[in-house]
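Q: Just a sequence and a predicted model for now, questions to come.
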Amino acid sequence: MSDTGRKPVSDKVSDTMKPDSQKSYAEQVKEQVTGAYDKVARDIQPEESKSTSQSAADTVTGKSSDTKDTAATHQQSFVESAKQYASSAQKSAADTLHSAGEYLSGKSEETK
């Protein structure tokens with residue numbers, strides 16, 4: 001049972017159990033919107049006005065949500081770092097090929 005205006009705990013569980021790859025775009029958007037709304041409601045509703053089951057669910061999902069947010073932030077920074085390294089390697093390879101091309105064209109002119 002959930003408090004008025006809150007996402008039912010059973011919906012939260014079923015959202016988690018079904019992989020995103022099996023959800024339609026509409027289902028994914030609905031989950032994101034209702035999840036964001038519920039997260040805000042969780043944070044602003046005073047603890048003493050929550051039912052026991054809602055308080056327990058908020059405690060579990062709050063820790064899980066914080067962990068996911070932290071993991072997403074780290075994953076994003078790793079992805080950005082990887083992109084920067086790849087871009088740097090690509091530029092370095094292009095510079096090396098350009099230099100090699102200039103060297104070879106200079107060599108071929110000297111032999112003529």
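A: Noted; the coordinates are in hand.
Q: Three-state assignment for residue 4, please.
A: What DSSP: H, G, I helix; E, B strand; the rest coil gives for residue 4 is coil.
Q: What's the local residue count around it?
A: Close neighbours of residue 4, defined as other C-beta atoms under 10 Å, add up to 7. For glycine as for every other residue, the C-beta is placed from the backbone atoms N, C-alpha and C.
Q: Let me see the contact set for it.
A: Not one residue lies near residue 4 by C-beta atoms under 8 Å, 6 or more residues apart in numbering.
Q: Could I get the phi/psi values of it?
A: With angles defined as degrees, to the nearest 10, residue 4 sits at phi -60, psi 130.
Q: Low-confidence bits of the chain, can you list those?
A: Within the chain, the stretches with pLDDT under 70 are 1-2, 61, 63-75, 107-112.
Q: how far does stretch 7-21 sit from the chain's center?
A: With C-alpha atoms, centre = their mean, to the nearest Å as the basis, stretch 7-21 stands 18 Å off its chain's centre.
Q: which residue ranges form the helices in the protein?
A: 9-17, 25-44, 52-111 (DSSP state H).
Q: can you tell which of those helices is closest to residue 3?
A: Closest to residue 3 of those, according to C-beta to C-beta: helix 52-111, at 4.6 Å.
Q: Neighbours of residue 45, how many?
A: If you count neighbours by other C-beta under 10 Å, residue 45 ends up with 16.
Q: residue contacts, the residue nearest to it when sequence neighbours are not counted?
A: Among residues not flanking residue 45 along the chain, residue 3 sits closest, at 7.1 Å (C-beta to C-beta, 6 or more residues apart in numbering). By C-beta under 8 Å, 6+ apart, the residues touching residue 3 are 45, 49, 50, 51, 54.
Q: what's the distance between residue 82 and residue 11?
A: Note on residue 82: its distance to residue 11, by C-beta to C-beta, to the nearest Å, is 35 Å.
Q: Looking at these two, which is more packed in?
A: residue 11 (16 against 10).
Q: residue contacts, the more buried one?
A: Residue 11 makes contacts with residue 34, as judged by C-beta under 8 Å, 6+ apart.
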